[in-house]
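Novice: structure of the sequence below:
(one chain, ligands or ions: 2)
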Amino acid sequence: FLFSRDYKSEDTIVNVNGQNIGDGIPRFIIGPCAVESFEQVQKVAAEMSKRGLNLLRGGAFKPRTSPYDFQGLGIDGLKILSSVSKEYDMGVITEIMSTDQLEEALEYIDVIQVGARNMQNFSLLKAVGQTNTPVLLKRGLSATIEEFKLAAEYILAEGNTNVILCERGIRTYETATRNTLDISAVPILKQETHLPVVVDVTHSTGRKDLLIPTAKAALAIGADGIMAEVHPNPAIALSDSKQQMNFDEFNHFMDAIETFSNKA
Ligand code: PEP
Ligand code: MN
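Specialist: Numbering: from 1, shown residues only. Ligands and ions are numbered 1, 2, ... in the order given. Below you'll find the predicted structure:
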């Protein structure tokens, strides 16, 4: 398999806007759950910029459980991400849900996110594999590690080698957290693949009180980066309002993780 260490022993490093994901330095992918307005995204980018962070996430096409919930701003959302990212010199990571959105989206974004619900959308995997744009592939809601690796293989097999794996929690019987963070998936994926692995602490826990300990655990166990959601005013967010950090919480989070990383 193209994902395997047998095929390629050295680590794959994915460059996004000057940041090498997978080079041993932890990277932080930060931003709101959904793009809601230019002002909202700009505020988050300004806050990230103060901390030297330049990997901006935000959903323009949102895979919502209910069709009556906010579905995202679509192309207008991508335009917002693109103009804010130019202003702050950031790379944009955003979810694309179907192949027909892809071509137009590529004009605005730096990393295509394939969401958990689309991990086995094989036509989407093939289509993103035919681009040269980096892909952040999220683990499916109930996907085994084997299925996750094979989803990555679909992208690699089409010729795109810039794949980042994202552990985002899986469905179990446990209800204390939104999903169950499968922390051991990180070293398993690092051993069995050459691809960078990041951990989405927001969607795996759904709990702001668990973001610091899970991010520490992820970095301690070998993750190449962390994804987390930040919103200027989470109380009025149009999606995931309970789990997004406000700016004070975000700065506290980054302080804690930087102190931890420096000690390690
Ligand atoms: C997201 O990152 O915006 C998201 C919807 O996550 P997931 O696909 O992991 O549920
Ligand atoms: Mn979200």
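
Novice: which residue does the stretch 151-264 of the chain bring closest to ligand 2?
Specialist: Taking CB to the ion, ligand 2 has its nearest neighbour within the stretch 151-264 of the chain at residue 240, 3.7 Å off. Where you see a C-beta, it was placed from the backbone N, CA and C, and this is true even at glycine.

Novice: same thing with the chain?
Specialist: Residue nearest to ligand 2 within the chain (CB to the ion): residue 33, separated by 3.2 Å.

Novice: distance check, that residue against residue 174.
Specialist: According to CB to CB, to the nearest Å, residue 33 and residue 174 sit 22 Å apart.

Novice: so for those two, which sits in the more crowded spot?
Specialist: residue 33 (24 against 9; other CB atoms under 10 Å).

Novice: how much space between the more buried one and residue 83?
Specialist: With CB to CB as the criterion, residue 33 and residue 83 are 20 Å apart.

Novice: now do residue 175
Specialist: Distance from residue 175 to residue 83, counting by CB to CB: 40 Å.

Novice: got it, and residue 38?
Specialist: Residue 38 is 7 Å from residue 83, by CB to CB.

Novice: got it, and residue 44?
Specialist: Residue 44 is 14 Å from residue 83, by CB to CB.

Novice: who has more neighbours, the two?
Specialist: The neighbour count for residue 44 versus residue 83, taken as other CB under 10 Å, is higher for residue 44 (26 against 13).

Novice: contacts only, for the more buried one.
Specialist: Contacts were defined as CB atoms under 8 Å, 6 or more residues apart in numbering; by that measure residue 44 touches 30, 31, 32, 56, 58, 230, 231, 232.

Novice: at 7 Å what do you get?
Specialist: 31, 32, 230, 232 (CB atoms under 7 Å, 6 or more residues apart in numbering).

Novice: residue 123 too?
Specialist: residue 99.

Novice: once you drop chain neighbours, what's closest to the residue of the chain closest to ligand 2?
Specialist: The shortest distance from residue 33 to any residue other than its chain neighbours is 4.0 Å, reached at residue 240 (CB to CB, 6 or more residues apart in numbering).

Novice: the one you found: what secondary structure?
Specialist: coil (DSSP: H, G, I helix; E, B strand; the rest coil).

Novice: any regions of the stretch 151-264 of the chain where pLDDT drops low?
Specialist: Applying pLDDT under 70 to the stretch 151-264 of the chain flags the ranges 264.

Novice: what ranges do the helices span in it?
Specialist: For the stretch 151-264 of the chain, the helices defined by DSSP state H, counting those that start in this stretch occupy 185-192, 201-205, 211-220, 247-263.

Novice: among these, which is nearest ligand 1?
Specialist: For the helices of the stretch 151-264 of the chain, proximity to ligand 1 was assessed by CB to the nearest ligand atom; helix 201-205 is nearest, at 4.5 Å.

Novice: off-centre distance for that closest one?
Specialist: The chain centre lies 11 Å from the centre of helix 201-205; the measure is CA atoms, centre = their mean, to the nearest Å.

Novice: pull the number of nearby residues for the residue in the stretch 151-264 of the chain that ligand 1 sits nearest to.
Specialist: Using CB to the nearest ligand atom, the closest approach of the stretch 151-264 of the chain to ligand 1 is made by residue 168 at 3.8 Å. Around residue 168 sit 24 other residues, with neighbours defined as other CB under 10 Å.
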